[in-house]
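Visitor: would you be able to build a 3D model of this:
(one chain, ligands or ions: 1)
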Amino acid sequence: MQILENISLKPYNTFGIDVKARLFVSIDSISELKECLSIQEYPHKFILGGGSNILLTKDIEAMVIHMNLRGITVISETESHVVIKAGAGENWHEFVMWCLNNDYGGIENLSLIPGNTGTAPIQNIGAYGVELKDVFIECTVIDRISLETKTFTNSQCKFGYRDSIFKGSHRNKYIITDVTFNLTKKNHELHCSYGAISSKLSEMGVNNPTIQDISKAVIAIRSSKLPNPSEIGNSGSFFKNPVVSLDHFDKLKVQFPEIPNYPASSTSTKIPAGWLIEKAGFKGKRFNAHGVHEKQALVLVNYGSAKGEDILKLAKLIQATVHRIFDVSLETEVNIL
Ligand code: EPU
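Guide: Model (predicted):
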């Protein structure tokens, strides 16, 4: 284990923001993680996973611990199901591909989501009708202070839309070290009702899709709408889709009859933030090295040399404009540092 000084975090965040970590250490075992957490000389620690859900606006003074815990293990299996444990540092998409190569079903709709397996539960990643919580059994965590190991089951994680206990009351208290999933080995439950998936499958000429076909469709849809972080820096959806009361929605519908929505509860509905941002005139807008993606207004992008503060300023302008036009508050999905 080597503690490095003044390391650029550009390769470690998908926005590609060039800020520095005063101290940086990459750990690949639990004992190294505990050793790092015990260093009293640097009391502030910052845990870095895949760096796919953060906007870095300044250098990090805390000691950055880069989670590199690897390993995929089959814990148990029956004729129909398999229980798999993955280390927190496993790349999420590579893990999905590993499961598909073994014909294990359940996470094919979550193909191509950037980030690591260990951070996936924090915001309960979701796409095309599936959320992590649908296949999650439990995760192992280490208490940052006592170094005790604990297990959180699905219900203890209190998963919600892009939400879990690790974003709320237990924020920054624990470090997730591995995640256990329940996947299917046969009679896979397919989720292709999400409009874009069924039309992509027909375009591909597929009538009876396999889980591998669904993954291919999802990859094709995501690649056509979302910028590849290795080409254009971004963090996926920058904002959450806002939930508004039905009363509020009815008023908006009078003014904007074409406004889309998805049901959320008996008294509220969800509006795609991408639609609000596009309607507010920001889609495809470029300001120097940063802007709003031309194909999906929910994604803010770094064309190369943007600073985190520039992107944050743009995010605030979008929030203020959307609020002024629609009286709707946009909450960021990305963590701002
Ligand atoms: N829309 C626009 N303009 C835009 C973008 C979207 O009008 O520029 C409207 C369209 O009406 C479209 C609707 O928004 O039909 C929904 O768009 P899309 O299917 O792309 O989904 P989304 O609501 O924008 C959410 C997730 C994505 C996830 C997709 C597919 C959030 C914040 N985002 O986006 O997640 O991939 O659904 O399930 O919930 C992510 O979290 O990083 C992410 C990419």
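
Visitor: please make it C-alpha for all contacts and neighbour counts, starting now.
Guide: Will do.

Visitor: mind listing the strands for the stretch 151-300 of the chain?
Guide: Taking DSSP state E, counting those that start in this stretch, the strands of the stretch 151-300 of the chain run over residues 174-184, 233-234, 243-245, 262-263, 268-270, 286-287, 290-292, 300-302.

Visitor: return the most buried member of those strands.
Guide: Of all these, strand 300-302 has the most neighbours on average by mean count of other Cα atoms under 10 Å, namely a mean of 28.

Visitor: if you count contacts, what does that one end up packed against?
Guide: strand 233-234, strand 290-292, helix 308-326 (3 or more Cα pairs under 8 Å, 6 or more residues apart in numbering; DSSP states H and E).

Visitor: contact partners of the first one?
Guide: Just to be clear, that refers to strand 233-234. Thr14, Phe15, Gly16, Ser52, Pro227, Asn228, Val299, Leu300, Val301, Asn302, Tyr303, Gly304 (Cα atoms under 8 Å, 6 or more residues apart in numbering).

Visitor: need the buried ones from the residues you listed selected in ChimeraX.
Guide: Selection of buried members from the contacts of strand 233-234 for ChimeraX, criterion 16 or more other Cα atoms under 10 Å:
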select :14,15,16,52,227,228,299,300,301,302,303,304
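
Visitor: closest to the ligand out of the contacts of strand 233-234?
Guide: Val299 (7.9 Å; Cα to the nearest ligand atom).

Visitor: give me phi/psi at the nearest residue to that closest one once chain neighbours are set aside?
Guide: Spatial nearest neighbour of Val299, chain neighbours left out: Ser237 (5.0 Å); criterion: Cα to Cα, 6 or more residues apart in numbering. Main-chain torsions, Ser237, degrees, to the nearest 10: phi -60, psi 120.

Visitor: again with the one 3 residues further on
Guide: The main-chain torsion angles of Lys240 are listed as degrees, to the nearest 10 and equal phi -80, psi 160.

Visitor: pretty sure it contacts Glu333?
Guide: Yes: counting by Cα atoms under 8 Å, Lys240 touches Glu333, with 5.2 Å between them.

Visitor: so what's the residue count around Val218?
Guide: Residues near Val218, counting by other Cα atoms under 10 Å, number 24.

Visitor: and Phe238, by the same measure?
Guide: Neighbour count of Phe238, defined by other Cα under 10 Å: 24.

Visitor: how about the contacts made by it?
Guide: Leu298, Val299, Leu300, Thr332, Glu333, Val334.

Visitor: from those residues, list the ones also adjacent to the ligand.
Guide: When Cα under 6 Å from any ligand atom is applied, no member of those is adjacent to the ligand.

Visitor: ok, those vs Ser29, which is closest?
Guide: Ser29 lies nearest to Val334 out of those, by Cα to Cα, at 27.4 Å.

Visitor: any idea how far Phe239 is from that closest one?
Guide: Per Cα to Cα, to the nearest Å, Val334 is found 7 Å from Phe239.

Visitor: more neighbours: those two, which one.
Guide: Between Val334 and Phe239, Phe239 has the larger neighbour count (other Cα under 10 Å), namely 20 against 17.
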